[in-house]
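J.: Sequence first, then the predicted structure, then my questions.
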Amino acid sequence: MIELERVTKIFPGSEIPAVDSVSLTVPNGEICILIGSSGCGKTTLMRMMNRLEPITSGTIKIDGENILQKDVIDLRRHVGYAIQQIGLFPHMTVYENIATVPKLLGWDKKRIDERVDELLELVKMPAETFRGRYPRELSGGQAQRIGVLRSMATDPPLMLMDEPFGAIDPINRETLQDEFLKIQAKLKKTIVFVTHDIHEAIKMGDKVALLDAGRLIQYGTPEELLTYPKNQFVKDFVGADRSLKRLDLLKVKDAMLTDPVHCHADQSSEKVLEQMLSDGLNYLLVLDEEDRIKGYVNVDMLRGHKGVVGDVVHPMTITVGPDQNLKDALSKMLSFDLGIVVAVDDDEKVQGILNTRTMVSVVGETYDERGGHWGKITTGGKII
Amino acid sequence: MEVYQFFIDNWQHALALAWQHVYIVTIAVVIAIGTGVPIGIWITFNKRAANIVLYLAGIIMTIPSIALFGIMIPFLSVFGYGIGTVPAVVALVLYSQLPIIRNTYAAIKNVDPNIIDAGRGMGMTGFQVLFKVQLPLALSIIFAGVRVAVVMSIGIAAIAAYIGAGGLGHYIFMGISQSHDSMIKAGAVIVALMAIAVDYTFGMIENRLVSKGLQS
Amino acid sequence: MSEKAEASTAERVWLSLGFLAAFAAGAYAESLGFFAFAKNNPGDIWYLFKEHCYLVGVSSGIAICIGVPTGIFLTRGYMRRYRDVILNLLGVLQTVPSLAVVAIAMTYVGIGKTPAIVALVVYGLLPIIRNSVAGLAGVDPVLLDAGRGMGMTPAQLLFRIEIPNALYIILTGIRTSTVINVGTAALSFLVGGGGLGDLIFTGIALVDPAYMLAGAVPTAGLAIFINWAFGQVEKLIVSPGLTYD
């Protein structure tokens, strides 16, 4: 747990505080996002937490202990630190970069070797391939990953991250964010995370602290910021399209319709066609005997066909996972001509389905500023 | 103080030696510019030639000047120019090649390709691009090479006094052989001041040569 | 990549051979005396060569021991404001011709090896200090921030981050300085310091080509060799993660 109490920073030669009496608490295992426009003091605030910037006044406590009472070098070695420019040491290999803090702490070689391999495994970069590479031989996304791995090499309970995914293109950034959230779900670190990207804040944050001119304007969950913006500044910052931003927050499993209408691949085409026509269905999901997605069929495919549905099924190439957010699901849905997207788990088993109507109802419901209710939207199994 | 006295007593002679020094350096550097700049331009068209020329010039730079004199004199004396001004000027020209060629080459290569493209797009010929676009932009860097060449030449010309080229080195060598301390100091101080003054002046000119549009 | 490198190595070997061949062929006409001299006096040449190496070795060693720490010192926070002034002063000192430095050293220190070494050290300092400062000041501040944030002490930052990253530029300075010293050391004969300059100056005074070449060829060879050797050392000890043109 990290507690800030009226933390203030005034740079020498400046009248105006860069950070002005900020108090907040980050509970263990949560990601706290510091957000604000450039120059708002978010980075300075973060850099005070490992004393890269001296604290002018106020106290910062980590697990109840005032950081000013700790040895500064020791403090930094036990707090992970990742920065936007990555700062990989160009003269060291990937292995040596990740091993930096373990070496400073005097780990033995075997332990370091194992740790490096384990970390590379975590981001699916084969250790044999990447251990010996130099930073200049990495792509931007790979370098960012190594930068984050380096900061968590000694498994520090607290990590400070200054726009750690800032230096790469938006598509890679999404991937990295998803990866990171998966890792965080397992490791439950306490993380202070600086960004200026409101989407990133909403997606990654358990808590979001919005800063302006060194002051803490609002601190709360992303939902609170979006639903109850404290004042006009917060409203402007989160943007007029904040109902759409809520799509970042909601997960597919919260909105999907479970138990969609379907048939199995070994059913006879004629019977299925008959059923579809009588129910007025244009298309139908096709599953195999273990409820894994095979694809879909429509009326035209089945008309005049003799045999089983499995022979004519059209594969379903675009699916989402139940833990992905609705924004990703929406964009996938829009790229798919049926106007639906099927949610499957890791074994390809069908979990549910999303269509445009459910999306609209989600946005519509949360648009209700009187205090919309957040939660599952389950309107039964049937779809058309 | 005895150095001061030495000046008072010998100012005419000292002036003559200084003039000789300037003369040798000037001739050598003018020749070096005449050869070095065209070579530098030429090798921008030919990567292979650029490698060879820069490598050779680098080797010559590596050879200590007094050793180069030692190697050159036997050859030049075949043509009857073993000692005197000629071998001194030849050596200075050789040494001045590297900074001039290298800077010319680098300066022209460094001109933003978009600017050259713009010139071509306006219908300039290759020569027009070279003379109206590339060289004006490269001028101050080429001049920086000339500055290095001149300062270096002043130093080497001092050593060339030993092979009878005259110049301020004369006082140093004479002083050493006669154990005449004030003469040594006089020679050393004037030649040092000359080098420093030339370096400073050329530095000022170099700054002026940067196109107004490029000055920060 | 490696193919290209090989091609350029081959080109260099070829060039060096061509240079040496042209040089040898031209030298032949004049150098019957030289070879005879070298044959008759191998001990003398070898002795002076060793003396030359000693002068260069000692003076460059001292220059490195003074220059690199000075460069480090000048890039620490508290000294940074004096950096430009000191570099400018050293720059002016470097424009002073080597002969003048040697001569002035003699008038103050007397004759023998000491004034020669003093002059060589003074003259060799600038490239080392300048490159050490440029190399260390050129290290990306982001790396320092990352290192500091990871809990490195100032000494660890210096030895694990700054020096390895600046190493190539520092070594280039040492190389330049040493090669210049080989040439300047030839002048130390004038102040009684010995070395191969002995043969060159005597040869010029006696108008004896054999003498001249016996001194000049090893001097030039030594300079070229040192230049080459440093290039190899750089390749060996600078991290392959760093790239330079």
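T.: Looks like it arrived, so ask away.

J.: From chain B, how far off is the one residue sitting closest to the centre of chain C?
T.: Centroid-nearest residue in chain C, with C-alpha atoms, centre = their mean: C:Thr178, separated by 1.2 Å. Relative to chain B, C:Thr178 is positioned 11 Å away (C-beta to the nearest C-beta, to the nearest Å). Any C-beta I mention is one placed from the backbone N, CA and C, and that applies to glycine too.

J.: hang on, that residue packs against C:Ile62?
T.: No - distance between C:Thr178 and C:Ile62: 11.9 Å, which falls outside the contact criterion (C-beta atoms under 8 Å).

J.: For the host helix or strand of C:Ala229, buried residues please.
T.: Here C:Ala229 sits within helix C:209-237, counting by DSSP states H and E. Residues of helix C:209-237 classed as buried under the neighbour-count rule (16 or more other C-beta atoms under 10 Å in any protein chain shown) are C:209-220, C:222-224, C:226-227, C:230, C:234.

J.: can you tell me if stretch B:10-29 touches chain C.
T.: No - legend: contact between stretch B:10-29 and chain C by C-beta under 8 Å from any C-beta of the partner chain is lacking; minimum distance shown is 10.4 Å.

J.: any idea how far that stretch is from the chain center?
T.: Relative to its parent chain, stretch B:10-29 has a centroid offset of 15 Å by C-alpha atoms, centre = their mean, to the nearest Å.

J.: just stretch C:140-150 next, same as before
T.: For stretch C:140-150, the gap between its own C-alpha mean and the chain's C-alpha mean amounts to 33 Å (C-alpha atoms, centre = their mean).

J.: which stretches of chain B have low pLDDT?
T.: Residues of chain B that meet the criterion pLDDT under 70 lie in B:1, B:78, B:80-82, B:211-216.

J.: ok, longest helix in it?
T.: Ranked by residue count, the top helix of chain B under DSSP state H comes out as helix B:2-42.

J.: which is the next helix or strand following that one?
T.: Following the chain from helix B:2-42 toward its C-terminal end, the next helix or strand by DSSP H and E is helix B:47-62.

J.: follow-up on the earlier one: so which helix or strand takes in the residue nearest to the centre of chain C?
T.: When elements are defined using DSSP H and E, C:Thr178 is found to belong to helix C:163-185.

J.: Report all helices and strands that whatever helix or strand comes next after that helix contacts.
T.: Toward the C-terminus, helix C:163-185 is succeeded by helix C:197-206 as the next helix or strand (DSSP H and E). In terms of contacts (3 or more C-beta pairs under 8 Å, 6 or more residues apart in numbering or on different chains; DSSP states H and E), helix C:197-206 is packed against helix B:65-78, helix C:42-74, helix C:209-237.

J.: contact partners of helix C:197-206?
T.: Residues from elsewhere that reach helix C:197-206 (C-beta atoms under 8 Å, 6 or more residues apart in numbering or on different chains): B:66-67, B:69-70, B:73, B:83, B:162-163, C:44-45, C:48, C:52, C:185-190, C:208-216, C:219.

J.: packing partners for the longest helix of chain B?
T.: For helix B:2-42, the packing partners by 3+ C-beta pairs under 8 Å, 6+ apart come out as helix B:85-109, helix B:135-160, helix B:169-178, helix B:181-209.

J.: gap between it and the chain center?
T.: The gap between where helix B:2-42 is centred and where its chain is centred comes out at 10 Å by C-alpha atoms, centre = their mean.

J.: What is the neighbour count of the residue nearest to B:Met61 when sequence neighbours are not counted?
T.: Sequence neighbours aside, B:Leu98 is the residue nearest to B:Met61 in space, at 4.6 Å (criterion: C-beta to C-beta, 6 or more residues apart in numbering or on different chains). Per other C-beta atoms under 10 Å in any protein chain shown, the neighbour tally for B:Leu98 reads 24.

J.: What of A:Val320?
T.: Based on other C-beta under 10 Å, the number of other residues close to A:Val320 is 26.

J.: One more: the one 10 residues further on?
T.: A count of nearby residues for A:Leu330, using other C-beta under 10 Å, gives 19.

J.: Check residue 171 and give its pLDDT.
T.: Unless you meant another one, I'm taking chain A. Confidence per residue is given as pLDDT, and for A:Ile171 that number is 79.

J.: Can you look at chain C instead?
T.: Note for C:Leu171: predicted pLDDT of 93.

J.: list the contacts for the closest residue to it other than its chain neighbours?
T.: Ranked by C-beta to C-beta, 6+ apart and with sequence neighbours excluded, the top spatial neighbour of C:Leu171 is C:Glu234, at 5.1 Å. With C-beta under 8 Å, 6+ apart as the criterion, the residues that contact C:Glu234 are C:168, C:171-172, C:175.

J.: Considering these, which is situated nearest to chain A?
T.: C:Tyr168 (9.6 Å; C-beta to the nearest C-beta).

J.: Was I right to think that closest one contacts C:Gly135?
T.: Yes - contact between C:Tyr168 and C:Gly135 holds when scored by C-beta under 8 Å: they sit 7.4 Å apart.

J.: Name the SS class of A:Met159, please.
T.: With DSSP: H, G, I helix; E, B strand; the rest coil as the basis, A:Met159 sits in strand.

J.: ok, now which ones touch it?
T.: Shown in contact with A:Met159 (C-beta under 8 Å, 6+ apart): A:79-82, A:151-152, A:189-192.

J.: Identify the residue spatially nearest to it, adjacent ones excluded.
T.: Setting aside the residues directly before and after it, A:Met159 is nearest to A:Gly80 in space (C-beta to C-beta, 6+ apart), at 3.5 Å.

J.: mind listing what A:Gly132 touches?
T.: Each residue near A:Gly132 by C-beta under 8 Å, 6+ apart is listed here: A:93-95.

J.: Mind checking which of those residues land in helices?
T.: Secondary structure from DSSP H places A:94-95 of the contacts of A:Gly132 in helices.

J.: quick check, nearest of the contacts of A:Gly132 to B:Arg48?
T.: Distance from B:Arg48 was checked for each of these by C-beta to C-beta. The minimum falls on A:Thr93, at 35.3 Å.

J.: List the contacts of the residue nearest in space to the middle of chain B.
T.: For chain B, the residue sitting closest to the mean C-alpha position, by C-alpha atoms, centre = their mean, is B:Ala149 at 2.5 Å. Residues in contact with B:Ala149, defined by C-beta under 8 Å, 6+ apart, are B:29, B:32, B:36, B:95-96, B:99-100.
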